[in-house]
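Q: Any chance you could fold what I've pasted below:
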Amino acid sequence: MHPAVGNYAFIKKSLASVSNQIASGTPEARAAIGYSIGSNDPAAIETERTALVPSFAAGAAAVSTEPSHQDVHFVSRFDFVGRFQSVLAKVFYGIPDLQGYGDKNPSWLATIIEEVTYDVSTFFTRVYTDVHGDKKPLLHSILAELHQLSNERAPFPAGIPATLPLSDDMTMAIVGDWGGDNDAARHIASIITAHKLPMGIHLGDIYYGGIKTECDSFLRLWPFHQDLSDPQSAILKGSSFALNGNHEMYSGGVSYFDTVLPAFGQPQSFFCLENEHWRLIGLDTAYAGGRLRPSSNDDPIATQWNWLIDILKNRPKRANIFLTHHQAVSAHSTEWNDSKPLRADIDELLLMDGIGKDAIFGWFWGHEHRCALYDDMALPYNGRLIGNGCIPHEVQREKQADPGCTPVEFFNKQETSPDSGTAVSSFAELRFGGPELLISYCNEDNGTWGTELWNATRGRLGGTKFTEYDGVNH
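A: Residues are numbered from 1 along each chain as shown. Purely as a prediction, here's the structure:
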């Protein structure tokens, strides 16, 4: 991630500026379009310009009205804006000297932010060395990179995954919204390495748009390589699983399916791990935009839905823990409303004969860049939000859920440092011990927010309640 690309004002003005240039058909914009498609033919350039106008206009409109998600570092939830942020980050990091300013030089960042106050359009039309080594205005490189990204969804992998054994004494890390390749992500990775955890699961979101360079960075930082001293070594097979997130799908999911899953040795974007007492069920909620239930028998996700029903109906009884990127419930009005479709899917699932309302023991999800433990009495499962894997966001000040939303018992309100106003990033460490499951919520400073104990034989309400610590290591 790039600090300037996480500046909301800069992204808003940048999109508006580029959108206006393309809509106006300025000579600079036409030259950049021609460069992006590799043609000087006026008719071809005009065809491409006409196709770009609505995309940029929609992106500019979307970002200008996007509701706040209390993020300190801005990451858009609109697909085109996410792709635009991906391209900017790639271009900014790929050009070692923009007008003499190296990326590691603080004056480079100051120059970008300064442009927000003045004229962003001049910034994009100055001549720089672009990522391809050509002396071209920055706009050329941006449009060329966008042109290479797919707007189509990658094919949903065929088949169903084999159920894999889970050691009765396995300890693992579950991280959500961690794919940012920033300082917080590195802190989390180093703690996982220091704890010598043998398995990790990512709940999805590789920022900003899940493009190839971002997925490659995700894999380099992922802390489960065969050789921990060499991030270029292969990922240890069987140690890692990755769920699909909405940001991966901003670029069609191409690099998630073609780069991340093969590196993990994971054939499908959903999976099942189980031992005598517990079953972890990872589900792809991003491929269909936050849904699980297929729209028809021909819907690609029908395979996953039917597989899930079979597990819940016909497999030996276990305490089932769902793992997804998206939430079915939320304490916040915007996310509560966004989750209505998935909530309806789950309601339908739990009403099916042979499944029942107690089929889900617990559920970990991300998507919201927060950490919260929902009221177990208010849901038919123990719901846990751990979407604070790396995106800097404002410290949670709320004391209760918004009216009409899901009640919460605990919010992680700890800060990166006293009075910083920036919330700490964290992950969940799961330690299985027969029917018991000890869950520790570990902060990026190696402190522990708190722990709780689930018990598969006593039922989801029969464990030990969450104990909140003071943030020091326990």
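Q: Could you chop this structure up by domain?
A: 8-148, 164-468 (automatic domain parsing).
Q: Lowest average confidence across those, which one?
A: Mean pLDDT across these is lowest at domain 8-148; the value there is a mean of 79.
Q: how far out from the middle of the chain is that domain?
A: 23 Å (Cα atoms, centre = their mean, to the nearest Å).
Q: Quick one: end-to-end distance for it.
A: 25 Å (Cα to Cα, to the nearest Å).
Q: same thing with stretch 430-441?
A: First residue to last in stretch 430-441 (Cα to Cα) measures 9 Å.
Q: Can you mark which positions in it are buried?
A: Applying a neighbour-count criterion of 16 or more other Cβ atoms under 10 Å, the buried positions in stretch 430-441 are Leu430, Arg431, Phe432, Pro435, Glu436, Leu437, Leu438, Ile439, Ser440, Tyr441. In this view, the C-beta of every residue, glycine as well, is placed from N, C-alpha and C.
Q: what's the most distant pair in those?
A: Spatially, the most separated pair among the buried residues of stretch 430-441 is Pro435 and Tyr441, at 21.1 Å (Cβ to Cβ).
Q: thinking His225 is in contact with Ser240, fair?
A: No - His225 lies out of contact with Ser240 (Cβ atoms under 8 Å); the separation is 9.5 Å.
Q: thinking in terms of the whole chain, how far from its middle is stretch 449-456?
A: So, by Cα atoms, centre = their mean, the centroid of stretch 449-456 is 25 Å from its chain's centroid.
Q: Show me what the helix or strand containing Ala51 is packed against.
A: Element membership for Ala51 (DSSP states H and E) is helix 42-65. Judged by 3 or more Cβ pairs under 8 Å, 6 or more residues apart in numbering; DSSP states H and E, helix 42-65 is in contact with helix 8-24, helix 27-37, helix 79-94.
Q: so that helix versus helix 79-94, what angle?
A: Using axes from the mean of the first three to the mean of the last three Cα atoms, to 10 degrees, the inter-axis angle of helix 42-65 relative to helix 79-94 is 100 degrees.
Q: Just the residues contacting helix 42-65, thanks.
A: The contact list for helix 42-65 (Cβ atoms under 8 Å, 6 or more residues apart in numbering) reads 8, 11-12, 15-16, 18-19, 22-23, 25, 29-30, 33-34, 36-37, 39, 76, 78, 80-81, 84, 143, 147.
Q: Tell me who's in contact with Lys212.
A: Counted by Cβ under 8 Å, 6+ apart, Lys212 has contacts Val254, Ser255, Thr259.
Q: how close does it get to Arg153?
A: 16 Å (Cβ to Cβ, to the nearest Å).
Q: picking that back up, dump the helices and strands packed on helix 42-65 into TSV; add distance to Glu452 and mean neighbour count as well.
A: Supplementary listing: these in TSV, determined by distance: least, Cβ to Cβ, whole Å; neighbours: other Cβ atoms under 10 Å:
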stretch	distance to Glu452	mean neighbour count
helix 8-24	35	20
helix 27-37	52	20
helix 79-94	34	23
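Q: now Phe410, what's its secondary structure?
A: Classification of Phe410 by DSSP: H, G, I helix; E, B strand; the rest coil places it in strand.
Q: same check, this time on Gly383
A: Quick answer, by three-state DSSP: Gly383 is strand.
Q: How many neighbouring residues does the nearest residue to it once chain neighbours are set aside have?
A: Leaving aside its sequence neighbours, Gly383 sits nearest to Tyr374 (Cβ to Cβ, 6 or more residues apart in numbering; 3.9 Å). Tyr374 has 23 neighbours, counted by other Cβ atoms under 10 Å.
Q: Which residue ranges of the stretch 301-450 of the chain form helices?
A: 302-314, 333-338, 340-350 (DSSP state H, counting those that start in this stretch).
Q: Quick check: which of these is nearest to Glu274?
A: So among the helices of the stretch 301-450 of the chain, helix 302-314 is nearest, using Cβ to Cβ, at 9.2 Å.
Q: Okay, angle between the closest one and helix 340-350 too, please.
A: 40 degrees.
Q: Dump the C-alpha coordinates for helix 302-314 into PDB.
A: The C-alpha coordinates for helix 302-314 follow below in PDB (Å, rounded to 0.1, in the frame of the first residue of the first chain):
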ATOM      1  CA  ALA A 302     -24.100 -23.700  -6.700                       C
ATOM      2  CA  THR A 303     -21.300 -26.200  -6.300                       C
ATOM      3  CA  GLN A 304     -20.200 -24.600  -3.000                       C
ATOM      4  CA  TRP A 305     -23.800 -24.200  -1.800                       C
ATOM      5  CA  ASN A 306     -24.700 -27.900  -2.400                       C
ATOM      6  CA  TRP A 307     -21.400 -29.000  -0.900                       C
ATOM      7  CA  LEU A 308     -22.100 -26.900   2.300                       C
ATOM      8  CA  ILE A 309     -25.600 -28.400   2.600                       C
ATOM      9  CA  ASP A 310     -24.200 -31.900   2.300                       C
ATOM     10  CA  ILE A 311     -21.600 -31.200   5.000                       C
ATOM     11  CA  LEU A 312     -24.200 -29.900   7.400                       C
ATOM     12  CA  LYS A 313     -26.800 -32.600   6.700                       C
ATOM     13  CA  ASN A 314     -24.900 -35.800   6.100                       C
END
